[in-house]
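Q: model this:
(one chain, ligands or ions: 1)
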Amino acid sequence: MANNRYKILIVEDEANILSFVDTILETDDYQVLKATTCRMGQMMVSSYCPDLIILDLGLPDYDGLELIKSTRNISAIPIIVLSARAQESDKVSALDLGANDYITKPFGTAELRARVRAALRNSRHSTEMGAIPGGVFVLNDLKIDYDKRLVTVADKEVRLTQTEYNIVSFMSGYPGKVLTYANIIRAIWGGSDSGSIKKLQVNMANIRKKFGSKPGDNRYIINELGVGYRMNDAD
Ligand code: CA
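A: Now for the predicted structure:
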């Protein structure tokens, strides 16, 4: 049984936060690995292959962004970034580089536990989903049939433009993951120009309207203000 426990690596130099996170994870019966520098974290990623990394960006030797880069060169391990309010732009860079999610300090026990569960669940989903060619994505009463390029809400067809469909279909590949404006723009249009974010926001507003979402309604796509969007996940 001990072998089935998820291994979670925490990379954090502040002793009180490290021990706070450690205590929560140990209580939830995860196996916890700890590093206090970027370099130590990188070594532990390659030696222990953790199932999840919780990463502070402000580390004493190198920037935490370096660890995201080096990890993404070798694997898709989910990474949750811990960021202080003062590091807003770093947070976006971290997500652009492939971090899955972020938690802003100070954070509470319930939030951390929920984010950890979601990140582990989603990484399992995406490996399973990757194994099914075509297939169907289901989220509450939203359904995407990739073969037919058909989107339905409560069994009623939603008529999306080509671009709107591409956005929804791309995002459904990463349920629960925060996708930055740059991530989505690169995937849909290849490159970006000064009007790209506006163009994306207009498309997204139309998608949400067609899905029947009212402002503040996060059933399908969550608006991460100033950062990007997140496809909700079923749980
Ligand atoms: Ca720090």
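
Q: Can you name the next helix or strand after the one helix or strand in the chain whose mean pLDDT sits lowest?
A: When the helices and strands of the chain are scored by mean pLDDT, DSSP states H and E, helix 109-130 comes last with a mean of 78. Counting by DSSP states H and E, the next helix or strand C-terminal to helix 109-130 is strand 136-139.

Q: Packing partners of that following strand?
A: Strand 136-139 sits against strand 142-145, with contacts defined as 3 or more CB pairs under 8 Å, 6 or more residues apart in numbering; DSSP states H and E. In short, each C-beta sits where N, CA and C put it, glycine included.

Q: List the buried residues for the strand it packs on?
A: By neighbour count on 16 or more other CB atoms under 10 Å, the buried set for strand 142-145 is 142-144.

Q: Of those, just say which sits nearest to Glu164.
A: Within those, proximity to Glu164 (CB to CB) peaks at Ile144, which comes in at 11.9 Å.

Q: The residue most central in space within the chain: what's it in contact with?
A: The centroid of the chain falls nearest to Lys177 when counting by CA atoms, centre = their mean (2.3 Å). Applying CB atoms under 8 Å, 6 or more residues apart in numbering, we find Lys177 in contact with 100-101, 122, 230-231.

Q: With Lys105 instead?
A: Neighbouring residues of Lys105 by CB under 8 Å, 6+ apart: 17, 82-85.

Q: ok, it to Met44 distance?
A: Using CB to CB, to the nearest Å, Lys105 is found at 22 Å from Met44.

Q: May I ask which of the contacts of Lys177 comes out lowest in pLDDT?
A: Lowest pLDDT of those: Asn122, 76.

Q: which residues touch it?
A: Per CB under 8 Å, 6+ apart, neighbours of Asn122: 78, 100, 174-177, 233.

Q: Please apply the same query to Asn203.
A: 161, 163-164, 167.

Q: Let's see that with 10 Å instead.
A: Contact partners of Asn203, counting by CB atoms under 10 Å, 6 or more residues apart in numbering, are 160-161, 163-164, 166-168, 184, 188.

Q: again with Leu200
A: Counting by CB under 10 Å, 6+ apart, Leu200 makes contact with 163, 167, 181-182, 184-185, 188-189, 192, 228-229.

Q: try 6 Å this time
A: Leu200 makes contacts with 181, 185, as judged by CB atoms under 6 Å, 6 or more residues apart in numbering.

Q: Sketch out the helices for the protein, chain order is fine.
A: 15-27, 38-48, 64-74, 88-96, 109-130, 162-171, 181-189, 196-210 (DSSP state H).

Q: For the third one, which outside residues touch it?
A: The set of residues external to helix 64-74 that reach it, using CB under 6 Å, 6+ apart, is 38, 41-42, 45, 55-57, 79, 93-94, 97-99.

Q: residue in the chain nearest to the ion?
A: In the chain, the residue that lies nearest the ion is Gly58 (3.7 Å; CB to the ion).
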